[in-house]
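Novice: Quick one, structure for this:
(one chain, ligands or ions: 1)
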Amino acid sequence: MKTIFEKSDNSGGIFLTDESTDINFISSAYLRKDKIGLPQLGELEVMRHYKELSDMNFCIEKGFYPLGSCTMKYNPKVNELLAALNGFTDLHPCSDDEHSQGALKLMYNLQEALKKITGMSAVTLQPAAGAHGELTGMMIIKKYFESINDNRKKVLIPDSAHGTNPASAHMCGFEIVPVKSNEKGQVDIDDLKRLIDKDVAAIMMTNPNTLGLFEEKVLEISKLMHDNGSLLYYDGANSNAILGYTNPKLMGFDVVHINLHKTFATPHGGGGPGAGPVGVVEKLKEFLPTPIVGYDGEKYFRNYNLKNSIGSVKGFYGNFGVMIRAYAYILMMGDNLKNATENAVLNANYIKEKLKKYYHLPYDEPCMHEFVLTGEKQKEENGVSTLNIAKRLMDGNTHPPTVYFPLIVHEAIMIEPTESETKAKLDEFIQTMIDIAREAKENPQKVLSAPHTTPVKKVDETLAARHPDLAFKE
Ligand SMILES: *Cc1c(COP(=O)(O)O)cnc(C)c1O
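Specialist: Numbers count the residues shown, from 1 in each chain. Sure, this is the predicted structure:
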């Protein structure tokens with residue numbers, strides 16, 4: 001496809017009257033010497049250009065998107081409508097409390113809903129994403145230990161964790177200590193016991209973990225940690241596996257973040273806005289970033305008055321537009337949030353059981369909202385790697401699953417169907433995966449050279465990462 005510069009035909013997209021091009025009032029020192037060099041095309045051609053570009057893109061509205069750990073589910077369009085209400089979009093973040101009651105009420109109610117969902121005592125909505133929530137949570141943990149004059153330096157992190165966990169803890173100055181997983185894909189308790197000492201500030205855990213497995217020993221782990229004076233951090237990016245069934249508080253956690261943009265159906269990806277609210281137990285309330293939203297029985301207000309606050313972690317109050325969408329979703333679902341969890345877990349188990357004959361399943365256990373297969377069988381027998389399988393899926397109008405993560409599984413293919421897909425769609429995906437497994441045997445070249453039908457074919461990923469060529473040059 002041509003760029004808009006190449007399409008430019010100098011037909012002139014706009015007509016300016018003499019008055020509007022009268023620039024005599026501008027001092028010549030400030031006038032442009034050369035032509036501006038913008039492409040010239042008629043309005044309709046511009047529209048067609050961008051429509052064509054958007055058609056090349058893949059999105060949840062276009063096809064199945066089983067990207068493990070990312071929860072790419074349907075985002076109800078009514079959320080968009082609500083987020084676009086003038087009362088919200090025209091409100092200036094510097095407006096005082098009195099003139100922002102509606103927005104503050106929404107934030108307060110969302111805080112309350114998240115308290116109920118997580119079991120935590122207080123919640124901040126400020127962090128702009130999951131990783132930002134982790135950073136906020138770890139800063140709170142750091143400050144808590146400083147406040148009791150306990151200079152603990154280590155944070156334990158299971159080797160199956162999302163990469164942002166060690167990154168966030170490291171940014172707070174903690175030393176990262178990896179904890180091994182056992183043959184069941186869960187935290188190895190013996191390894192954990194060996195690592196616990198008085199220098200351990202916290203453990204960061206994801207439950208279900210990134211293999212999609214529920215950590216059955218979580219209560220034993222939280223007792224071990226608390227007995228040692230350590231805290232427990234819960235990475236709740238994808239909480240659609242537990243909503244209404246359990247919560248981080250019941251599992252013994254002290255700090256938690258939730259990705260609103262994953263768990264509560266707000267569009268994300270491509271670096272778009274997210275929100276990673278953080279909840280804490282009672283004893284950590286005073287450390288939350290300010291402001292949090294309070295309610296005195298009459299009025300909603302921004303509370304800047306927290307004794308040990310870590311300070312502000314984001315300009316103003318966080319990504320408000322994401323909060324509106326998530327709040328609308330939570331209100332709309334009500335007690336049915338539990339059904340979302342049920343369906344997410346059922347859908348993942350359904351696909352897993354149907355595919356385990358065709359692909360290696362490293363942990364043959366009931367899974368939660370996602371599970372991990374591998375392409376090892378195909379690699380060994382047919383020389384077809386997980387990357388090739390992922391590329392071939394694109395020919396079936398499917399976004400590839402997350403691949404080569406978690407790092408502890410070779411040739412990992414991490415599948416998360418989410419709750420919002422129909423059985424027919426799941427069956428279609430299962431059939432595509434079976435077809436690819438057969439093709440890998442019968443015609444491996446077809447898989448190796450995929451994708452065949454996408455606008456951009458096989459790319460040199462190393463070159464693309466090391467020497468990206470992003471600018472149009474004439
Ligand atoms: C997505 C994800 C994160 C990071 O969230 P971002 O919003 O991308 O920063 C952290 N942990 C897990 C388990 C995740 O799936």
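
Novice: Tell me how far stretch 72-86 lies from the chain's centre.
Specialist: Distance of stretch 72-86 from the chain centroid (Cα atoms, centre = their mean, to the nearest Å) equals 17 Å.

Novice: Residues touching it, excluding its own?
Specialist: Contacts of stretch 72-86 with the rest of the structure, by Cβ atoms under 8 Å, 6 or more residues apart in numbering, involve 60, 65-66, 88-89, 240, 265-267, 269, 321, 324-325, 328-329, 332, 399, 416, 418-420. Using the backbone N, CA and C atoms, a C-beta is placed for each residue, glycine as well.

Novice: Can you flag the buried ones in the residues you listed?
Specialist: 60, 65-66, 88, 240, 265-267, 321, 324-325, 328-329, 399, 416, 418-420 (16 or more other Cβ atoms under 10 Å).

Novice: Next step: those residues restricted to strands.
Specialist: Using DSSP state E, no member of these sits in strands.

Novice: Out of those residues, which are close to the ligand?
Specialist: Residues of the buried ones among the contacts of stretch 72-86 in contact with the ligand (Cβ under 6 Å from any ligand atom): none.

Novice: any weak-confidence spans in the stretch 1-150 of the chain?
Specialist: Low-confidence segments of the stretch 1-150 of the chain (pLDDT under 70): none present.

Novice: near the ligand, which residues of the stretch 101-250 of the chain?
Specialist: A129, G130, A131, H162, T164, T206, T210, D235, A237, N238.

Novice: hmm, back to that, tell me which of the contacts of stretch 72-86 fall in helices.
Specialist: Those of these mapping onto helices are F88, T89, G321, I324, R325, A328, Y329, M332, per DSSP state H.

Novice: Tell me the one among those residues nearest to D227.
Specialist: Of all the ones in helices among the contacts of stretch 72-86, D227 sits closest to Y329, with 38.5 Å by Cβ to Cβ.

Novice: which residues does the closest residue to the ligand within the stretch 251-400 of the chain contact?
Specialist: Using Cβ to the nearest ligand atom, G274 is the residue of the stretch 251-400 of the chain that sits closest to the ligand, at 4.6 Å. Going by Cβ under 8 Å, 6+ apart, G274 touches A128, A129, G130, N259, L260, H261, T266, H268, N319, V322.

Novice: at 10 Å what do you get?
Specialist: By Cβ atoms under 10 Å, 6 or more residues apart in numbering, the contact set of G274 is 127-133, 237, 259-262, 266-268, 318-319, 322.

Novice: for F174, same thing?
Specialist: 138, 141-142, 152-157, 166, 168, 200-202, 204.

Novice: Show the model's pLDDT score for it.
Specialist: For F174, the model assigns a pLDDT of 98.

Novice: From E61, how far off is it?
Specialist: Separation of F174 from E61 (Cβ to Cβ, to the nearest Å): 41 Å.

Novice: Then M333?
Specialist: 20 Å.

Novice: Neighbour count for the two, which is higher?
Specialist: M333 (17 against 10; other Cβ atoms under 10 Å).

Novice: contacting residues for the more buried one?
Specialist: Counting by Cβ under 10 Å, 6+ apart, the residues that M333 touches are P76, L243, G244, F264, A265, N339, A340.

Novice: Also R392?
Specialist: R392 touches 384, 398, 400, 432-433, 435-436, 439-440, 446-452, counting by Cβ under 10 Å, 6+ apart.

Novice: Could you single out the nearest of the residues you listed to the ligand?
Specialist: Looking across the contacts of R392 and measuring by Cβ to the nearest ligand atom, the closest to the ligand is P400, at 16.3 Å.

Novice: if we can go back for a sec, list buried residues within the contacts of R392.
Specialist: Neighbour counting with 16+ other Cβ under 10 Å marks 384, 398, 400, 432-433, 436, 439-440, 446-448, 450-451 as buried within these.

Novice: Could you identify the most distant pair in the residues you listed?
Specialist: T398 and L448 (18.2 Å).
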